[in-house]
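S.K.: Attaching a predicted model along with its sequence, questions to come.
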Amino acid sequence: MKKHIVLLPGDGIGKEVIQSAKDVLEAVAGEFDHSFTFEIQDIGGCAIDLHGTPLPDSTVTACAQADAVLLGAVGGPKWDRLPSHLRPEKGLLGIRKALNLFANLRPVKAFPNLLHASPLKESVVNGSDLLIVRELIGGLYFGTPSGRSADGQSVVDTLAYTKKEIEQIVDKAFQSAQLRKGHLTSVDKANVLESSKLWREIVEEKQAQYPDVMVEHMLVDAAAMKLVTNPGSFDVIVTENMFGDILSDEASVLTGSLGMLPSASLNQAGVGLYEPVHGSAPDIAGKGVANPLAMILSTALMLRHSFQMEKEAHLVETAVQAILDDGYHTADLEVVNGHKVGTAEMTKMIVELIKSQSATVSILNCYV
Ligand code: NAD
């Protein structure tokens, strides 16, 4: 299969981990007879330096024509004092909007060797493996009117959704549940909010189209509690933009390791933007110690969700799992009796494993 991938390294460790992603994808292409072509474009602080804007038109055009986009991270102290329209993060928000990325997928998985890093008891977090599907371009963050009254004595934000917007994210969540354990938790505030009542009605209507998926409704306050008391009880969670923002950040600390968390943002055409959850980590940039695993796991999401290459995605994920099981880790992770390695060495070991294991990969026990 031929695929064209735009790489947006961005700033700080973004540039280092994107190289790891490219190495891994080249290994996958070699093993499975695919042809991946890569094009590097600027975003964030480096784009401000080179083009005077965090999101040049050339970047938007290239991403719109690509089969998928991989992003490292943006930002850093050098650009912190610029006016808000010139901040690196504007590039990130701009590309999400330009590509109409309505669905944000964040898997959170507890790796056995890293359980001690969780703020929760190991017995609580052990076995957790969940996916949060968040609506990304509607709801409270985009509704109008939004602002203060002229006299400054009142304020309004608007939580608006169309039926179509809810239907498309709910469909994506049902489809994601079909690829996993078939259990969908729809999170809302239907005891109070009209938007949540419509959300719940649509989930119930859609259920008939996905009879193999078991659906549960949960109020957002209960879901927030259950995420820290029994995270292992979730498979796929679907929710609107603001609830998803909060719950996905809550879930991201469960495993205690920011360098392990991938994400995917998808549009209706299946074109996606894949990026690690972490930022540009200016404190360690250029030192060769960044953990590349969140970026590498993001490539697995890309293989699965944009290219429907399940076997290839699973191979990348099992390679990451195997390296951790063998005790290898980067400086951000503490592993008892482990072997600390840098970004390049970690990447090389994953690449070698992909090359040696490709013939034996099975699609059982997939990490979605
Ligand atoms: P950060 O995620 O960059 O770093 C937080 C801490 O985690 C740091 O100590 C860092 O060294 C460590 N860390 C993060 N990723 C790591 C990895 N892969 N390997 C090893 N250690 C890692 O968050 P921050 O310090 O709050 O922000 C730094 C910059 O990144 C800011 O400019 C911020 O705006 C930007 N940021 C960008 C994104 C993005 O591009 N999606 C997300 C968050 C923050």
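M.R.: In hand now; what should we look at? Numbering: from 1, shown residues only.
S.K.: and the closest residue to the ligand within the stretch 251-368 of the chain, what helix or strand is that in?
M.R.: Nearest residue of the stretch 251-368 of the chain to the ligand (CB to the nearest ligand atom) works out as residue 279 at 2.4 Å. (C-beta placed from N, C-alpha, C; glycine too.) Using DSSP states H and E, residue 279 falls within no helix or strand.
S.K.: Pull up the per-residue confidence for it.
M.R.: Listed pLDDT for residue 279 reads 94.
S.K.: which residues touch it?
M.R.: Shown in contact with residue 279 (CB atoms under 8 Å, 6 or more residues apart in numbering): 12, 73-75.
S.K.: Which member of those is positioned nearest residue 252?
M.R.: Residue 252 lies nearest to residue 73 out of the contacts of residue 279, by CB to CB, at 14.7 Å.
S.K.: so that closest one bridges to which residues?
M.R.: Listed beta-bridge partners, residue 73: residue 10 (assigned using DSSP bridges).
S.K.: hang on, isn't it packed against residue 11?
M.R.: Yes - Residue 73 lies in contact with residue 11 (CB atoms under 8 Å); the separation is 6.6 Å.
S.K.: what do the two both touch?
M.R.: 44, 280.
S.K.: which phi and psi does the residue nearest to residue 65 when sequence neighbours are not counted have?
M.R.: Once flanking residues are discounted, residue 65 sits nearest to residue 4: 7.5 Å by CB to CB, 6 or more residues apart in numbering. Dihedral pair for residue 4: phi -110, psi 120, per degrees, to the nearest 10.
S.K.: Write out the residues of this protein neighbouring the ligand.
M.R.: 13, 73-76, 89, 92, 258-259, 275, 278-284, 290-291, 294, 330, 332 (CB under 6 Å from any ligand atom).
S.K.: just the buried members of the residues you listed?
M.R.: Buried subset of the residues of the chain next to the ligand (neighbour count, 16 or more other CB atoms under 10 Å): 13, 73-76, 92, 258-259, 275, 278-282, 284, 290-291, 294, 330, 332.
S.K.: Tell me which entries of those lie within helices.
M.R.: Counted as lying in helices by DSSP state H, out of those, are 92, 294.
S.K.: Now do the end-to-end distance for stretch 201-215.
M.R.: This stretch, stretch 201-215, spans 12 Å end to end (CA to CA, to the nearest Å).
S.K.: quick one: buried residues of it?
M.R.: 202-203, 206-207, 210, 213, 215.
S.K.: Just put those residues in JSON lines and tack on distance to residue 340, secondary structure and pLDDT.
M.R.: Output for these, formatted as JSON lines (distance: CB to CB, whole Å; DSSP: H, G, I helix; E, B strand; the rest coil; pLDDT from 0 to 100):
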{"residue": "202", "distance to residue 340": "49", "secondary structure": "helix", "pLDDT": "98"}
{"residue": "203", "distance to residue 340": "45", "secondary structure": "helix", "pLDDT": "98"}
{"residue": "206", "distance to residue 340": "47", "secondary structure": "helix", "pLDDT": "98"}
{"residue": "207", "distance to residue 340": "48", "secondary structure": "helix", "pLDDT": "98"}
{"residue": "210", "distance to residue 340": "45", "secondary structure": "coil", "pLDDT": "98"}
{"residue": "213", "distance to residue 340": "42", "secondary structure": "coil", "pLDDT": "98"}
{"residue": "215", "distance to residue 340": "44", "secondary structure": "strand", "pLDDT": "98"}
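S.K.: quick check, nearest of these to residue 221?
M.R.: residue 203 (18.2 Å).
S.K.: So the closest residue to that closest one other than its chain neighbours, which state does it fall into?
M.R.: Nearest non-adjacent residue to residue 203, counting by CB to CB, 6+ apart: residue 186, 4.5 Å away. Following DSSP: H, G, I helix; E, B strand; the rest coil, residue 186 is assigned to strand.
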